[in-house]
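S.K.: here is a sequence together with a model predicted from it:
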Number of protein chains: 2
Amino acid sequence: MPDNVRIALDAMGGDHGPSVVLPAADISLTRHPDIEFQLYGDRAVMDPLLERLPRLKARAEVVHTDVAIRMDDKPSQALRHGRWKSSMWLALDAIKRETACAAVSAGNTGALMAMSRFCLRMLEGIERPAIAAIWPTMRGESVVLDVGASIGADEQHLINLAAMGSAMARVLFDIERPTVGLLNVGVEEIKGLEAVREAGRILREGHFPHFAYHGFVEGDDIGKGTVDVVVTEGFAGNIALKTAEGTARQLATYLRAAMNRTWMSRLGYLLARQAFNTLREKMDPRKANGGVFLGLNGIVIKSHGGADAEGFANAIDIGYDMVRYGLLTKIGESVERDLKANATARVVSGASS
Amino acid sequence: MPDNVRIALDAMGGDHGPSVVLPAADISLTRHPDIEFQLYGDRAVMDPLLERLPRLKARAEVVHTDVAIRMDDKPSQALRHGRWKSSMWLALDAIKRETACAAVSAGNTGALMAMSRFCLRMLEGIERPAIAAIWPTMRGESVVLDVGASIGADEQHLINLAAMGSAMARVLFDIERPTVGLLNVGVEEIKGLEAVREAGRILREGHFPHFAYHGFVEGDDIGKGTVDVVVTEGFAGNIALKTAEGTARQLATYLRAAMNRTWMSRLGYLLARQAFNTLREKMDPRKANGGVFLGLNGIVIKSHGGADAEGFANAIDIGYDMVRYGLLTKIGESVERDLKANATARVVSGASS
């Protein structure tokens, strides 16, 4: 096994702060004993918690700061009062100082994205960041991006998303050449946004050694797992993600209500409890917790603000995998080679048109 | 009770044609005995079916045509070979000739939309059509539009969607002043598309007697039923709709698999069967079948191409309600009064900025 994986945690982020983040780190250590943590936050809150988590205490370095980004801070406010000194900033800066390989925060998305861009800068060849979600499907899991880092996308950005998302899929699913689909609408007449059509043409005609372009996919293909990577711009991606979350919650509520209606159904529920537990685990939104910020010089994982310890631990696990299996190297490969191929395709297309 | 409701059916549309459309019409008659049907399609196929449906036969006029639009016809092809003479065209033209008040078709969406625009023309003051879906929510149902008639929207189109969608909600839900939300993303930093922000400002500042503007909503608010009407442009709306359908199917599959796993769970399933039936009914996609085309000089309902008789009957029922409770009049009121209010708001805003 190579070096330990050093992960910086914004201990003050999220709705619950250290009371969730520290137990989460402890859970993650049971799965990945080779993690070394750096905990950024208020020592007065963290120290008593650490006393009860000896395993974590032995693997964690605590760095004190009084400053925390609030969940409702605007990105500009967060930068103004939190740069250089907040727990969020210090966790990101640990990547830059090369004392950590990844940062995990449950702090607010806008602030975390703004600080990440400011602190870490973008990767060469990438102009805009993206947030990638890991989406449970009938076939397993898929990567869906962008789910809300930026709004709108030209064809170049969509192709960058394909390159970055497929690099992430290679890390997560351990497949050589993931399939990539462009999210579009099915109505023949309109055939989608101009940029989506143009990106589709380039992806179809170009040669991309690190992923296989499948074609357009529709909203219901995401849950089917038609492709390993679903590419879309951030507005539609965010709406798709939240709509799916809402639908899952809605159906879970219906199911609970139905099972409670009569004594027969309650008895049936008791007998089938094991099945319901399996189902609950399968539908557990905590398992998919952890949006990956892509396009930055560093690995940043965003946990849901309301995540519990199990959920936050899953976000840490994702960060661990991304470090351990070389996400940034793989993105570098994809962006460099695939985008060169793409540039060639564009020249060819330009010459022939 | 006033006059009968005359509904024109494209009997050849959809994956199954008359074998679904005619039994569907018969089902619908049990609920609404005051419907008079016009059936456009191939007499050789329809006549034997009608012999077995005496109730329908007594309430239907059959109009023969050999020409049917295929499910994979492009809109331009459909117009070229199906104008004036196809079953789809004739059903729409019945509205124009004022022999019917609504048309229902399970034919392909692009062709139906193109023919509807060509045959019926747009309502005054509306430049682009929309497709509205009836979305089951935790609170009941909401209207979501546009789910795919056109891509992209400026602020004026979004406000037209609010006016038309709320007119439809008044018909469907029998409420005076439905609440309207603009679909947006939650990330503070970006706050959504320029047109969505601008439409939000106009809706907030203007006075709209026929609906109450709630503000921005996110993807998970649709299923919660936060508002009666969710307004979005057609790309994001189509993706939201199909993503929700996909998620519902995915969870139903998980549930079936879980209930089949062990003899205990199968026994539990048997005991709770009534509850599962209730749940299945609640999740039944056929109940929400029927997209309403808005913005046209006429009421056109699009059924899913693969709908069965129960599903197509629901699409007919929606058409019936829209006629019976005066959708077009209510749209006229909303568009005229609400958009005047809006124009004033814009002038005021322009003067003060």
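M.R.: Thanks, I have it.

S.K.: would you put the C-alpha positions of stretch A:53-68 in PDB?
M.R.: Output of stretch A:53-68 as PDB, limited to C-alpha atoms (Å, rounded to 0.1, in the frame of the first residue of the first chain):
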ATOM      1  CA  LEU A  53     -13.300   9.100  19.700                       C
ATOM      2  CA  PRO A  54      -9.800   7.700  20.600                       C
ATOM      3  CA  ARG A  55      -9.400   6.000  17.200                       C
ATOM      4  CA  LEU A  56     -10.000   9.300  15.400                       C
ATOM      5  CA  LYS A  57      -7.900  11.200  17.900                       C
ATOM      6  CA  ALA A  58      -4.900   9.000  17.100                       C
ATOM      7  CA  ARG A  59      -5.200   9.700  13.400                       C
ATOM      8  CA  ALA A  60      -6.200  13.400  13.400                       C
ATOM      9  CA  GLU A  61      -4.500  16.700  13.600                       C
ATOM     10  CA  VAL A  62      -6.600  19.500  15.000                       C
ATOM     11  CA  VAL A  63      -6.200  23.100  13.700                       C
ATOM     12  CA  HIS A  64      -8.000  25.700  15.600                       C
ATOM     13  CA  THR A  65     -10.000  28.600  14.000                       C
ATOM     14  CA  ASP A  66     -12.800  30.800  15.400                       C
ATOM     15  CA  VAL A  67     -14.200  31.600  12.000                       C
ATOM     16  CA  ALA A  68     -16.900  29.500  10.300                       C
END
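
S.K.: buried residues of that stretch, list them for me.
M.R.: Going by neighbour count (16 or more other Cβ atoms under 10 Å in any protein chain shown), the buried part of stretch A:53-68 is A:53, A:56-57, A:59-60, A:62-63, A:65, A:67-68. The C-beta positions use only the backbone N, C-alpha and C, and glycine is treated the same way.

S.K.: show residues contacting it.
M.R.: Residues outside stretch A:53-68 that contact it (Cβ atoms under 8 Å, 6 or more residues apart in numbering or on different chains): A:12-13, A:17, A:22-23, A:25-26, A:29-30, A:35-43, A:46-47, A:50-51, A:81-82, A:85-88, A:90.

S.K.: buried among those? Need that as a selection in ChimeraX.
M.R.: Command for ChimeraX that selects the buried part of the contacts of stretch A:53-68, burial taken from 16+ other Cβ under 10 Å:
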select /A:12,13,17,22,23,25,26,29,35,36,37,38,39,40,41,42,43,46,50,82,86,87,88,90
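
S.K.: next step: the contacts of stretch A:53-68 restricted to strands.
M.R.: Judged by DSSP state E, the subset of the contacts of stretch A:53-68 located in strands is A:35-41.

S.K.: tabulate these in CSV, adding columns for pLDDT and distance to B:M122.
M.R.: CSV is the format used below for the ones in strands among the contacts of stretch A:53-68 (pLDDT from 0 to 100; distance: Cβ to Cβ, whole Å):
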residue, pLDDT, distance to B:M122
A:I35, 97, 61
A:E36, 97, 65
A:F37, 98, 61
A:Q38, 97, 61
A:L39, 98, 61
A:Y40, 98, 58
A:G41, 97, 59
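
S.K.: in TSV, list these along with distance to A:T243.
M.R.: Shown next, in TSV, are the ones in strands among the contacts of stretch A:53-68 (distance: Cβ to Cβ, whole Å):
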residue	distance to A:T243
A:I35	34
A:E36	39
A:F37	35
A:Q38	36
A:L39	35
A:Y40	34
A:G41	34
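
S.K.: for those residues, which one is nearest A:I151?
M.R.: A:Y40 (30.2 Å; Cβ to Cβ).

S.K.: which of the three states applies to A:A100?
M.R.: On the three-state scheme (DSSP: H, G, I helix; E, B strand; the rest coil), A:A100 is labelled coil.
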